[in-house]
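Undergrad: return atomic coordinates for the entry below.
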Amino acid sequence: MNFLFVHQNFPGQYLHLASWLALSGRHNVVFVSEPNENHLQGVRRVLYRPIRASTPGIHISATDFEASMIRAESAGRSCIELARTGYRPDVIIGHNGWGELLNLKDIWPRAILDGYFEFFYQLEGADVGFDPEFKLFETDKPRVRAKNAINLLGLQVCDRGHTPTLWQQSTYPGWARRKVRVVPEGVDLTQCRPNPDATFQLPGTDRVLDRHGPPLLTYVSRNLEPYRGFHVVMRALPELLRRHPTLEVVLVGGEGVSYGMPPPTGTWREHMMAEVGDGIDPGRVHFVGQLPYGDYLSLLQLSSVHLYFTYPFVASWSLREALATGCCIVASDTAPVREFVTSGENGILVPFFNRSDMIERILELLEDSERRAALSRMARNSARDFELNACIERFVSSFLPNEA
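TA: Predicted structure coming up:
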């Protein structure tokens with residue numbers, strides 16, 4: 001069969017699925033995206049570039065919508081050229097949120113269009129208004145509602161949809177959930193696995209961490225920002241360092257903003273260091289930026305206790321990878337996390353804003369190696385529920401019922 005993937009940042013969420021289909025030898029895989037340096041064996045790239053920039057001064061609530069419509073037209077033009085070569089996809093799979101899927105049924109009306117519906121924005125019950133430190137103003141409400149415009153158009157034009165978790169599905173209106181099925185994103189258990197011999201070299205230094213050194217607290221986020229609890233973690237560090245004098249901390253993440261608002265000035269790391277930096281020993285707290293994937297996995301394999309915090313928002317891939325690696329996890333007791341972590345079984349959940357509870361649970365685990373080991377084993381075992389190949393095969397079987 002002919003599978004066409006569409007995502008502005010190739011390969012996006014489809015790294016494993018597109019590779020699996022291409023390497024199976026049974027399917028033709030084409031991927032439409034903006035240019036980048038990424039490559040997947042057996043996958044043909046078709047590139048597009050936005051036909052123009054967004055309009056300066058456009059109404060703030062229309063900014064995302066206009067950008068998505070520009071992407072829809074730009075991706076559509078490349079697909080028209082692709083269709084002129086005689087190419088006909090049987091299935092089109094892509095992330096609905098960028099707008100690129102919106103015009104593709106006009107080009108290939110008989111193809112099955114399956115959109116990734118990641119999150120439906122709402123004013124209550126999810127990320128917006130969750131953190132009292134960041135107020136929701138009345139003027140913000142129209143902008144939040146408008147962010148669903150492409151969501152709603154996608155629900156109209158797509159034949160079907162998929163989303164990775166029950167919680168993400170639950171953010172959609174009841175009438176829409178019938179169209180958006182849950183397709184778990186898997187994790188590679190052969191790559192993400194415990195390794196007692198792992199080592200990690202602190203970037204920019206000659207120092208190598210291993211299991212013979214001091215206990216290690218780890219935190220990972222694409223960017224260091226409040227949506228992933230960075231501010232909560234930073235405010236806990238001075239007391240953790242004071243009460244456990246040998247503890248070391250490695251924080252992984254970039255200086256940008258993936259979600260939410262930027263700080264008033266500078267970066268969130270700079271903002272939080274200005275607040276709590278006097279209580280943080282730079283010899284024990286290491287900001288390592290974004291890591292190569294292999295180094296990131298080595299760090300997880302060394303972790304004594306791993307922190308994962310998030311607003312009620314899309315759960316990070318790193319949570320599944322930390323479970324598969326066998327991390328002893330302390331995580332926020334928020335709805336997306338509860339789908340993966342059961343407190344006391346394969347991790348420990350603490351209220352997002354209860355800093356003292358988080359500190360006590362971390363210290364207890366650092367003093368109880370048997371408890372840490374038991375939670376680590378159960379974390380690894382629970383990850384088997386979303387083993388990568390099994391998840392891929394279930395997804396593909398929805399298109400190819402005779403090949404399940």
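Undergrad: which parts of the stretch 51-200 of the chain are helices?
TA: 63-84, 104-107, 141-146, 149-157, 166-170, 174-177 (DSSP state H, counting those that start in this stretch).
Undergrad: CA-only coordinates of the first one in PDB, if you can.
TA: Spelled out, that is helix 63-84. Only the C-alpha atoms of helix 63-84 are listed here, as PDB (Å, rounded to 0.1, in the frame of the first residue of the first chain):
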ATOM      1  CA  THR A  63      -2.300  34.300  14.200                       C
ATOM      2  CA  ASP A  64      -2.300  30.600  14.500                       C
ATOM      3  CA  PHE A  65      -5.200  30.200  12.100                       C
ATOM      4  CA  GLU A  66      -3.500  32.200   9.400                       C
ATOM      5  CA  ALA A  67      -0.200  30.300   9.800                       C
ATOM      6  CA  SER A  68      -2.100  27.000   9.500                       C
ATOM      7  CA  MET A  69      -3.900  28.100   6.300                       C
ATOM      8  CA  ILE A  70      -0.600  29.200   4.800                       C
ATOM      9  CA  ARG A  71       0.800  25.700   5.600                       C
ATOM     10  CA  ALA A  72      -2.300  24.000   4.200                       C
ATOM     11  CA  GLU A  73      -1.900  25.800   0.900                       C
ATOM     12  CA  SER A  74       1.900  25.300   0.800                       C
ATOM     13  CA  ALA A  75       1.800  21.600   1.600                       C
ATOM     14  CA  GLY A  76      -1.200  21.300  -0.800                       C
ATOM     15  CA  ARG A  77       0.900  22.700  -3.700                       C
ATOM     16  CA  SER A  78       3.600  20.200  -3.200                       C
ATOM     17  CA  CYS A  79       1.000  17.400  -3.100                       C
ATOM     18  CA  ILE A  80      -0.600  18.600  -6.300                       C
ATOM     19  CA  GLU A  81       2.800  18.300  -8.000                       C
ATOM     20  CA  LEU A  82       3.200  14.800  -6.500                       C
ATOM     21  CA  ALA A  83      -0.200  13.800  -7.800                       C
ATOM     22  CA  ARG A  84       0.700  15.000 -11.300                       C
END
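Undergrad: state the mean pLDDT of it.
TA: In this model, helix 63-84 has a mean pLDDT of 97.
Undergrad: and it with helix 149-157, angle?
TA: Per axes from the mean of the first three to the mean of the last three Cα atoms, to 10 degrees, the angle that helix 63-84 makes with helix 149-157 is 40 degrees.
Undergrad: centre of the chain versus helix 63-84, how much separation?
TA: The chain centre lies 25 Å from the centre of helix 63-84; the measure is Cα atoms, centre = their mean, to the nearest Å.
Undergrad: does anything pack onto that helix? Which helices or strands?
TA: strand 28-33, strand 43-47, helix 104-107, helix 149-157 (3 or more Cβ pairs under 8 Å, 6 or more residues apart in numbering; DSSP states H and E). In short, each C-beta sits where N, CA and C put it, glycine included.
Undergrad: could you redo the last one with a cut-off of 6 Å?
TA: helix 104-107 (3 or more Cβ pairs under 6 Å, 6 or more residues apart in numbering; DSSP states H and E).
Undergrad: so for the helix it packs on, what gets flagged as buried?
TA: 104-105, 107 (16 or more other Cβ atoms under 10 Å).
Undergrad: which other helices and strands does that helix contact?
TA: By 3+ Cβ pairs under 6 Å, 6+ apart, helix 104-107 packs against helix 63-84.
Undergrad: now do the buried residues in the helix it packs on.
TA: 64-65, 67-76, 78-79, 82.
Undergrad: how about the helices in the stretch 251-400 of the chain?
TA: With helices called from DSSP H, counting those that start in this stretch, the stretch 251-400 of the chain shows them at 268-276, 293-302, 317-325, 335-338, 355-367, 369-383, 388-397.
Undergrad: of those, which is nearest residue 178?
TA: helix 388-397 (18.4 Å; Cβ to Cβ).
Undergrad: can you list contacts of the closest one?
TA: Residues from elsewhere that reach helix 388-397, judged by Cβ atoms under 6 Å, 6 or more residues apart in numbering: 16-17, 20, 183-184, 186-188, 404.
Undergrad: run the chain-centre distance for that helix.
TA: Per Cα atoms, centre = their mean, the centroid offset for helix 388-397 relative to its chain is 19 Å.
Undergrad: CA atoms only for that helix, dumped as PDB, please.
TA: The C-alpha trace of helix 388-397 is given here as PDB (Å, rounded to 0.1, in the frame of the first residue of the first chain):
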ATOM      1  CA  LEU A 388       6.900  -0.300  20.300                       C
ATOM      2  CA  ASN A 389       6.400  -3.000  17.700                       C
ATOM      3  CA  ALA A 390       3.100  -4.100  19.300                       C
ATOM      4  CA  CYS A 391       1.800  -0.500  19.200                       C
ATOM      5  CA  ILE A 392       2.800  -0.100  15.600                       C
ATOM      6  CA  GLU A 393       1.300  -3.400  14.500                       C
ATOM      7  CA  ARG A 394      -2.000  -2.500  16.200                       C
ATOM      8  CA  PHE A 395      -2.100   0.800  14.300                       C
ATOM      9  CA  VAL A 396      -1.200  -0.700  11.000                       C
ATOM     10  CA  SER A 397      -3.800  -3.400  11.400                       C
END
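Undergrad: quick check: buried residues in that helix?
TA: 388, 391-392, 395-396.
Undergrad: next one: stretch 247-267
TA: In stretch 247-267, counting by 16+ other Cβ under 10 Å, buried: 247-253, 257, 259-260, 263, 267.
Undergrad: least confident of the residues you listed?
TA: residue 260 (86).
Undergrad: hmm, back to that, out of the helices of the stretch 251-400 of the chain, deepest packed?
TA: helix 317-325 (a mean of 24; mean count of other Cβ atoms under 10 Å).
Undergrad: same for that helix, what does it pack against?
TA: By 3+ Cβ pairs under 6 Å, 6+ apart, helix 317-325 packs against helix 293-302, helix 369-383.
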